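K.L.:
Whatever this is, show me its structure:
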Amino acid sequence: MWWCEKMFKNKIVEESVLDKIYQEIKQSEYPLFIWGAGSMSVEVERCLEEQDIPIEGLFINEDIESVHIIQHKLKIYSLGDIEKKYSKVNVVIGHGHFEKKEMLNGYGFIHKIYIIPNPYSQYRSRRIGRYVNEHRLEVEKIMNCLVDEVSREALRAYCLVNQTDDINYLLNRKICIDTMFGLEELHMSEYENYIDVGAWEGDTVELFMQKVSGQYTQITAIEPDPNSFMVLKNKMSGKRSISFLPYGVGKEEGELYLDRGNTQSAHFVKDKDEQEERMKIEVKTLDSLFANEKVSLIKISIPFLFLEVLQGCKECLRNSKPRLVVNVAADDGEKVFDTINWIQDLELGYNIALRFDFPMPTRLYLYAY
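P.N.:
Below is the predicted model of the structure:
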């Protein structure tokens, strides 16, 4: 495991790339702006405030009146406003917009552009380096069970970017595919009975429909957040053979609380917190919903609980052996290994691949087919 030896050397990296970015920003003489005025910019703003880094404002490179902007306490500028007012500025971009760096590089008044690879505090962890060091034989076994070398490269990149915050480990075209359904080995067809767990506002349902050119047998979209559920239903109004379930999904039936404290990454927690915005949600298992139904494809995008969703789906997997598309990176680092092991232990003959659908630390997908 050369990559383990090279990067970790039996100790945890003391200073990440992100630490160095913060230090460089603090030492710069130029005012700092955040690109964007949506929900990602809120998380970037919070990260900078945690470091006591002053922020001059936000900006977008479009007409301010023409785009949706969420409420901010910082002033929002247009790119032209900044160019008129400042001779030099620094810019920070959140990890969802790497492509903006190349576009902004053409402006002479922008001194330097920084990327924060993962602004979500609940997904930050340095434990993955320790885990790999302490479980080398198990990690090597997991590497060997993956279906191809590209999957092994993707898992290495995932470990390394989480340990170092160096986004360059993900800038490898081989480990990225166009969308979460872009893996050719899925062999998606017009006969899919598709379950979307964590359908949010319908974006992944739309991706599925595009992939199968609107031809499918059945879609079941599951989304627990009432606000997102209503948007989902309205967006899909009039579409054929699609049903909507307003449940959480987990290992066992019961209740959980939906934590919406982070703007783009609402997730389930077990305990209610009176000081936080948490809503009680009814939880079902996929077995209770689909055990007697022939399912062909399941997509799971549930922060922290994706393995628990699978554990509540044993009978469905044994009866139908559906192909799986699972986001295994919406976590604090290590559950990807447990998830691969769990699927292997089912002994259903699944091939397991890993790919990123976008070069972000939180966008690693597991494919079982």
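
K.L.:
Helices of the chain, residue ranges please.
P.N.:
Here the chain has its helices, by DSSP state H, at 2-7, 17-27, 39-50, 79-85, 99-104, 127-134, 136-145, 149-164, 203-211, 226-235, 286-290, 306-311, 314-320, 335-345.

K.L.:
In CSV, could you pull the C-alpha coordinates for the fourth one?
P.N.:
Listed in CSV are the C-alpha atoms of helix 79-85, where the atom choice follows Å, rounded to 0.1, in the frame of the first residue of the first chain:
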residue,chain,number,x,y,z
LEU,A,79,-18.1,41.6,-10.6
GLY,A,80,-18.2,45.0,-12.2
ASP,A,81,-18.7,46.8,-8.9
ILE,A,82,-15.6,45.2,-7.4
GLU,A,83,-13.5,46.0,-10.4
LYS,A,84,-14.5,49.7,-10.1
LYS,A,85,-13.9,49.9,-6.4
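
K.L.:
closest one to residue 192 among the helices of the chain?
P.N.:
Among the helices of the chain, helix 203-211 comes nearest to residue 192, with 7.8 Å by Cβ to Cβ. Heads up, the C-betas are built off the backbone N, CA and C, glycines and all.

K.L.:
Pull out the buried residues from that closest one.
P.N.:
204, 205, 207, 208, 209, 211 (16 or more other Cβ atoms under 10 Å).

K.L.:
if we can go back for a sec, who wins for proximity to residue 360 among the helices of the chain?
P.N.:
For the helices of the chain, proximity to residue 360 was assessed by Cβ to Cβ; helix 149-164 is nearest, at 9.1 Å.

K.L.:
for that closest one, packing partners?
P.N.:
helix 2-7, helix 127-134, helix 136-145, strand 352-356 (3 or more Cβ pairs under 8 Å, 6 or more residues apart in numbering; DSSP states H and E).

K.L.:
so that helix versus helix 136-145, what angle?
P.N.:
With axes from the mean of the first three to the mean of the last three Cα atoms, to 10 degrees defining the directions, helix 149-164 sits at 140 degrees from helix 136-145.

K.L.:
Is residue 299 in contact with residue 325, as I believe?
P.N.:
Yes - between residue 299 and residue 325 a contact is recorded at 4.4 Å, counting by Cβ atoms under 8 Å.

K.L.:
what do these two both touch?
P.N.:
residue 180 (Cβ atoms under 8 Å, 6 or more residues apart in numbering).

K.L.:
The two: who's more crowded?
P.N.:
More neighbours surround residue 325 than the other of residue 299 and residue 325, with 26 against 22 (other Cβ atoms under 10 Å).

K.L.:
how close does that one sit to residue 254?
P.N.:
Per Cβ to Cβ, to the nearest Å, residue 325 is found 26 Å from residue 254.

K.L.:
cool, residue 129 as well?
P.N.:
According to Cβ to Cβ, residue 129 stands 35 Å off from residue 254.

K.L.:
Neighbour count for the two, which is higher?
P.N.:
Neighbour tally, residue 129 and residue 254, criterion other Cβ under 10 Å: the higher count belongs to residue 129, 23 against 13.

K.L.:
Isn't the more buried one up against residue 165?
P.N.:
No - Residue 129 lies out of contact with residue 165 (Cβ under 8 Å); the separation is 11.8 Å.

K.L.:
pretty sure residue 359 is touching residue 170, no?
P.N.:
Yes - in this structure residue 359 lies within contact range of residue 170 using Cβ under 8 Å: 3.9 Å.

K.L.:
so what's in contact with the two at the same time?
P.N.:
Common neighbours of residue 359 and residue 170 (Cβ under 8 Å, 6+ apart) are residue 176.

K.L.:
in this protein, which segments are predicted with low confidence?
P.N.:
1-16, 62-72, 95-99, 118-126, 260-277 (pLDDT under 70).

K.L.:
didn't residue 162 look like it was pressed against residue 130?
P.N.:
No - Residue 162 is beyond contact range of residue 130, at 11.5 Å (criterion: Cβ under 8 Å).

K.L.:
Of the two, which one has the most company?
P.N.:
The neighbour comparison of residue 162 against residue 130 (other Cβ under 10 Å) goes to residue 162, with 28 against 17.

K.L.:
nearest spatial neighbour of that one, skipping sequence neighbours?
P.N.:
Using Cβ to Cβ, 6 or more residues apart in numbering and skipping the chain neighbours, the partner closest in space to residue 162 is residue 128 (4.8 Å).

K.L.:
Same question for residue 357.
P.N.:
Residue 357 sits nearest to residue 180 (Cβ to Cβ, 6+ apart), 4.5 Å away.

K.L.:
I'd like to check which residues are in contact with the one you found.
P.N.:
204, 207, 299, 325, 327, 357, 365.
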